[in-house]
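Student: Pasting a predicted model and its sequence here:
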Amino acid sequence: MLQTVKEADKMELKLQKAEEKELKAAAQLYKARIAEEKCAGRERQRKRSVRE
């Protein structure tokens with residue numbers, strides 16, 4: 001019984017770590033997209049300023 005509980009805890013911890021890893025990767029992707037959008041926005045502004 002005790003070993004089964006330990007195994008279940010171990011499996012739960014493993015799942016939590018996998019979830020955390022997935023969330024971190026998603027957050028990193030999100031931050032990269034936001035940075036890319038900001039950069040593109042600045043570039044568009046620069047081009048507009050040059051035309052005027």
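Tutor: Sure thing, it's come through.
Student: what about this protein, any weak spots by pLDDT?
Tutor: Counting by pLDDT under 70, the ranges of the chain that qualify are 52.
Student: State the helix or strand in which the residue nearest to the spatial centre of it lies.
Tutor: Centroid check for the chain by C-alpha atoms, centre = their mean gives Ala27 as the closest residue, at 1.8 Å. Secondary-structure element containing Ala27, defined by DSSP states H and E: helix 2-51.
Student: roughly how far is that helix from the heart of the chain?
Tutor: 0 Å (C-alpha atoms, centre = their mean, to the nearest Å).
Student: and what of stretch 37-52?
Tutor: 27 Å.
Student: Tabulate the CA atom coordinates of it in CSV.
Tutor: Backbone C-alpha positions of stretch 37-52 (Å, rounded to 0.1, in the frame of the first residue of the first chain) are rendered in CSV as follows:
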residue,chain,number,x,y,z
GLU,A,37,5.1,42.3,-33.0
LYS,A,38,6.7,45.3,-31.2
CYS,A,39,9.6,45.2,-33.6
ALA,A,40,7.4,45.0,-36.6
GLY,A,41,5.3,47.9,-35.3
ARG,A,42,8.4,50.0,-34.8
GLU,A,43,9.5,49.2,-38.3
ARG,A,44,6.2,50.2,-39.8
GLN,A,45,6.3,53.5,-37.8
ARG,A,46,9.8,54.1,-39.1
LYS,A,47,8.7,53.5,-42.7
ARG,A,48,5.8,55.9,-42.3
SER,A,49,8.1,58.6,-40.8
VAL,A,50,10.5,58.2,-43.7
ARG,A,51,7.6,58.7,-46.3
GLU,A,52,6.4,61.9,-44.6
